[in-house]
Structure formats: C-alpha cells, structure tokens
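dropping a prediction and its sequence here:
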Amino acid sequence: MGQITIRELEKLDFFEGIPQDILQNLLNESTVASYKKKEVIFHSRTRTEFVYFVLSGEVMLYNLTKHGNRKVIFILGKGRLLNQSIVSKKPNALFGEAVCPVQALKIPEGVFLRLMEQCHELTYSILREYERNLWRMGHQLKNTTGNMQTERKIAAKLWKLGRDFGVETEEGVMVDIDLTITLMADLVGVPRENVSRACKVLTDRGLIHYSSKRFILIDFDGLADFYKM
C-alpha cells in the first residue's frame, strides 16, 4: 500500500463524517509506514512526533512490570488510533508493537493538531476514541481482579477478542490474530502455565479450540455466560 485514498479513509470508523477537505489535507501531509512482525513502532517514555492510525494488521499496546514482564493493555486493529496523548504532548505511556505485518498512517502531530482546531468533527472523533478506551480499561480492570478465576479471565478476554477480530467459520468464531499462549498470558497478567491449564478447562467444556496460534470460539455465547458466572 503506497498511499491511501479519501474513499478508503472514509471507510474507517474514526474518520466517518469528517469533511473531505480535512481528509484531503490529512492525506497530503501523511505517509504510509510498514512494520514487520514484533517491530516496535514507538517506545514507552519517549515522545513521538506523529499520530498513528492502523491501516492493516494489529498492534499491541503494552507496558513492562517492575519485574520486566510484559502486560498487554490493548490489541488494536484496522482504523484504530495508537497514540495515548496528542494535545498534552506527554511521552508515550505504553509501547506500541506490531503483532503481525502492519501498515499505519503517519500524520505529523503539528498538522493533526492544526486540523483539530479547524474541524470539530475531528476533535469529536478523538474524544470518542479515548472514551472507548476508557470504557475498555474499566471493563478490563473488572475482569482481571485477583479473585477472578483464571479460566474466567481467559474466557472474558477471548470473548472480547472474538467480538473485535472474530471471523465466522464452520467450527465457530475464529480470533483472526496470531495468538500464542505466551501472548495470552501477557494479556491477562498471569503465568503462562496457568493460561495453559485454563485453556484446557475451557476446551474440555467445549467452549474453545486452540491450534496453530488460532483460538476458535466454539460456543461464543456460552463463553460469555461462563465468564459472567
């Protein structure tokens, strides 16, 4: 993907309803950057001078614990904004890393801020995106409390991933991300061995199937019922 058109940009949820002249200005000043799997797009505690939107692939936002372990906060797909701060110009709170080959739209921060001042629809989209992230953070905190069984944490995370990245197959809803057991452990904040045991429990219950880095949610509704018990 060398460049993106206005029509392609309008198909992304974030840019819906934004005037075409603003979109054209964004495109005139932007570039499309490609990242390899596991390539870091930006580092925690550093300033980035660009605003990033995912055009294809998935990016995980994570931080490191005091023990050096990775704690994944979000996995974001097509159309999602990667920046945690734009107006305040604070350093990144999280790392951004490509889960798979990724293409992202890079817009100079100064250009983006100037267009936000001109276009209230663009500012509205930013507020809507950050509200969405706050809601997800609150939901994740509820589902990662210490007294919640690991099986239920895994079920909740898989249900959410299935809703965001699910593809219907004959067996069920496939989470269309290369999702290793290690990455799942980073997502829910528990040791890898605990995740393996929890996945076996969910498999024995007929809720999921795991093979070749792909989770298939055999009983999508049943998975939701399980984590809400």
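Done, it's in. Given the structure is predicted, the values throughout are model-derived calculations rather than measurements.

need the longest helix for this structure.
The residue-count maximum for a helix in the chain (DSSP state H) belongs to helix 120-143.

that one - what's its average pLDDT?
Mean pLDDT, helix 120-143: 83.

and stretch 205-214, by the same measure?
Averaged over stretch 205-214, pLDDT sits at 92.

between the two ends of that stretch, how far is it?
One end of stretch 205-214 sits 18 Å from the other (C-alpha to C-alpha, to the nearest Å).

repeat for stretch 112-130
16 Å.

for it, list every residue counted as buried.
Neighbour-count burial for stretch 112-130, with 16 or more other C-beta atoms under 10 Å as criterion, is recorded at 112, 115, 116, 119, 122, 125, 126, 129. Every residue, glycine included, has its C-beta placed from N, CA and C.

chain neighbours aside, what residue packs nearest to the fifth one?
In this case it means residue 122. Spatially, and ignoring its direct neighbours in sequence, residue 122 is nearest to residue 116 (5.2 Å; C-beta to C-beta, 6 or more residues apart in numbering).

list the contacts of the helix or strand in which the one you found is found.
Using DSSP states H and E, residue 116 falls within helix 109-118. Residues from elsewhere that reach helix 109-118, judged by C-beta atoms under 8 Å, 6 or more residues apart in numbering: 22, 25-26, 29, 48-51, 86-87, 89, 122-123, 126.

pull out the buried positions in stretch 206-226.
By 16+ other C-beta under 10 Å, the buried positions in stretch 206-226 come out as 207-210, 215-220, 222-224, 226.

can I get those in TSV including secondary structure and distance to residue 18?
Compiled in TSV, the buried residues of stretch 206-226 are given as follows (DSSP: H, G, I helix; E, B strand; the rest coil; distance: C-beta to C-beta, whole Å):
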residue	secondary structure	distance to residue 18
207	coil	40
208	strand	39
209	strand	41
210	strand	40
215	strand	35
216	strand	37
217	strand	34
218	coil	40
219	coil	39
220	helix	33
222	helix	40
223	helix	36
224	helix	34
226	helix	40
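
with respect to residue 56, which of these is nearest?
residue 215 (20.8 Å; C-beta to C-beta).

mind checking how far the worst-scoring helix or strand of the chain on mean pLDDT is from the chain centre?
Taking mean pLDDT, DSSP states H and E as the measure, the helix or strand of the chain with the lowest value is helix 120-143, at a mean of 83. How far helix 120-143 lies from its chain's middle: 12 Å, per C-alpha atoms, centre = their mean, to the nearest Å.

no more questions from me, cheers.
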